[in-house]
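Enquirer: Fold the following.
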Amino acid sequence: MDVDQFIADAEAFHQAVSTEHFRSGAGLQAGLKIGPIYERYLPLFEGERFHEAALWDLEPTQVLYLQDFIAGGYLQNQTADLVERYAAEEAAATVEWDERPVSYRTVPVLIANEADAVRRHALEERYLTALATFNPILEEREKRLQRHARGFGLGDYVDLYDALRGFHLSELTESMVRFIAATDEAYFAALDTYLGEMHILRDDARKCDLARIFRGTAYDLWFPQARLLPTLHATLRDLGIPLEDQTNIHLDTAERPLKSPRAFCSAIRVPDDVRLVVKPTGGVPDYEALLHEAGHAEHFGNVDRTLPFAYRRLGDSSVTEAYAFLMEHLTNDPRWLDRYLGFGRPESFLQLEGFHRLYFLRRYGTKLTYEQLLHRADEPGDVAPVYDELFTRNLGVGYGSESYLADVDPGFYAAAYVRAWIFEAQMRRYLQREFDDEWFRNLKAGKFLIELWREGQKYPVDTLVRWMGYDGLDPTWIMEDIRQLMGVP
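Expert: Residues are numbered from 1 along each chain as shown. Have a look, this model is predicted:
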């Protein structure tokens, strides 16, 4: 296939799939219909396309990104029917609660908002029971992914993505195992404190209790729904970025029954059509999710449109996730809280945020270990008990085995998140060093970020962090963040 035609078709395919996911998540349709899209663009992923790409007269990095795209598209095409079935069944699923059917997708919000522990545990049990009905579909998908991943000649599923995405999974996993061990004392002390406030013993605690803790209802007064969008606009305006003037970034705030309860960003055509979808439900999670997705939206909305497709939309996803976390973690900055929300004494809130961040790092560090076991298991169902064991041990609450497949993102996206968290902590210190502690209200910092965003994902975080003067990705700064937030030595 001619390389120029391939790239043009690849971008058209990406736009079509992104549109389909947007329409489903925005509640404009029930389920996904991606099968016909793959059929229309089948030549992108068939035959020897993966190996053919290695011969194209392009920069080596661009070739690698396109090979990642081809491999991912091929694997997704082999499982498209299962993905459609899963999306349709999930969208249609309900859970019986308070003598009425409740949409399965909204149950996590109900769980986090349920103050009564007995009711919360009962609702989680019903949710997990419904989730388990999807596992036969997801197990078949996992088997297909493993089987077809071996066809690229780079080893198994784990080896394939480690080679294509440069995660250095062994070293990253070992680093996170050490991180988990080093933070045991601080994590479990904080966990017991928060569970104690709810009169729950750790042995009786469930994952839903963490959802309740992190819901942070005590701080709803400081994070009102009415100020959510104005706060985003004000924050971006102080960086010299007037969101209302960015006609390429579309803000979807309409209320729809099937709309995802969590904000998300769809980069349909970078940089000309980026959708930021919001369904406010109230409280801290709304602000964190919106700021996170706004980070994605600003990144993709400011990419240089003259860059090749591979650099505009493909590449190291740790990059865009780091920009998203940079915005999200503004909610952890006492100066930002005071300026934009009038939250003048946020000490207890920041301790909770520190615990929340520590939880996520331990959780995703655990995912790195677990997902390598899963993707190398002859029978995926055999590792379901291992999922429960690992997560219950490292996070201190009963997880159950029902989510052993639903709690897995394709292509080791967990590794992208971990790398993004590490890079964000280092990037934020670079911004503070160059533009002062209140970099978020400095027009020069805004211009600097826009210049970074213009590069898309051409450069992986390993390159960017060295450009900022560091020796490499270093989790030391995350540890420093958590200690400061939680007030621990």
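Enquirer: Only the buried residues of stretch 341-354, if you could.
Expert: L341, F343, P346, F349, L350, Q351, L352, E353, G354 (16 or more other Cβ atoms under 10 Å). C-beta here means a position set from N, CA and C on the backbone, and glycine is covered the same way.
Enquirer: Just the CA trace of that stretch, in PDB.
Expert: Taking C-alpha atoms only, stretch 341-354 is exported to PDB below (Å, rounded to 0.1, in the frame of the first residue of the first chain):
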ATOM      1  CA  LEU A 341     -12.600  28.400  45.100                       C
ATOM      2  CA  GLY A 342     -12.000  30.500  48.200                       C
ATOM      3  CA  PHE A 343     -10.900  27.300  50.100                       C
ATOM      4  CA  GLY A 344      -8.500  28.900  52.600                       C
ATOM      5  CA  ARG A 345      -7.800  26.100  55.100                       C
ATOM      6  CA  PRO A 346      -7.700  22.900  53.100                       C
ATOM      7  CA  GLU A 347      -5.400  20.800  55.300                       C
ATOM      8  CA  SER A 348      -7.700  17.900  55.900                       C
ATOM      9  CA  PHE A 349      -8.800  17.900  52.200                       C
ATOM     10  CA  LEU A 350      -5.200  17.800  51.000                       C
ATOM     11  CA  GLN A 351      -4.500  14.900  53.300                       C
ATOM     12  CA  LEU A 352      -7.400  13.000  51.700                       C
ATOM     13  CA  GLU A 353      -6.100  14.000  48.200                       C
ATOM     14  CA  GLY A 354      -2.600  12.600  49.200                       C
END
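Enquirer: tell me the pLDDT at P280?
Expert: Reading off the confidence values, P280 has pLDDT 77.
Enquirer: Does it touch Q225 like I think?
Expert: Yes - with contact defined as Cβ atoms under 8 Å, P280 counts as touching Q225 (4.9 Å).
Enquirer: Overlap of the contact sets of the two?
Expert: D286 (Cβ atoms under 8 Å, 6 or more residues apart in numbering).
Enquirer: Settle it for me: which of the two has more neighbours?
Expert: Neighbour count, other Cβ atoms under 10 Å: between P280 and Q225, P280 has more, with 19 against 13.
Enquirer: mind listing what that one touches?
Expert: Taking Cβ under 8 Å, 6+ apart as the test, what P280 contacts is Q225, L228, T253, D286, L290.
Enquirer: out of the residues you listed, which are buried?
Expert: Looks like the contacts of P280 have L228, D286, L290 buried, using 16+ other Cβ under 10 Å.
Enquirer: Check for me that the second one belongs to a helix.
Expert: Right, the one you point to is D286. Yes - read with DSSP: H, G, I helix; E, B strand; the rest coil, D286 is one of the residues of a helix.
Enquirer: Is the closest residue to it other than its chain neighbours part of a helix or strand, or is it coil?
Expert: Closest residue in space to D286, ignoring its immediate chain neighbours: P280 at 5.1 Å, by Cβ to Cβ, 6 or more residues apart in numbering. Secondary structure assignment for P280 (three-state DSSP): coil.
Enquirer: domain assignment for the protein?
Expert: Following automatic domain parsing, one finds the domains of the chain at 3-93+133-165, 172-486.
Enquirer: Need the worst-confidence member of the contacts of P280.
Expert: Out of those, that is T253, at 84.
Enquirer: is it fair to say S266 lies in a helix?
Expert: No - counting by three-state DSSP, S266 is not part of a helix but strand.
Enquirer: shouldn't it be in contact with H21?
Expert: Yes - between S266 and H21 there is a contact under Cβ under 8 Å: 6.3 Å.
Enquirer: Look at the two and report which has more neighbours.
Expert: S266 (24 against 15).
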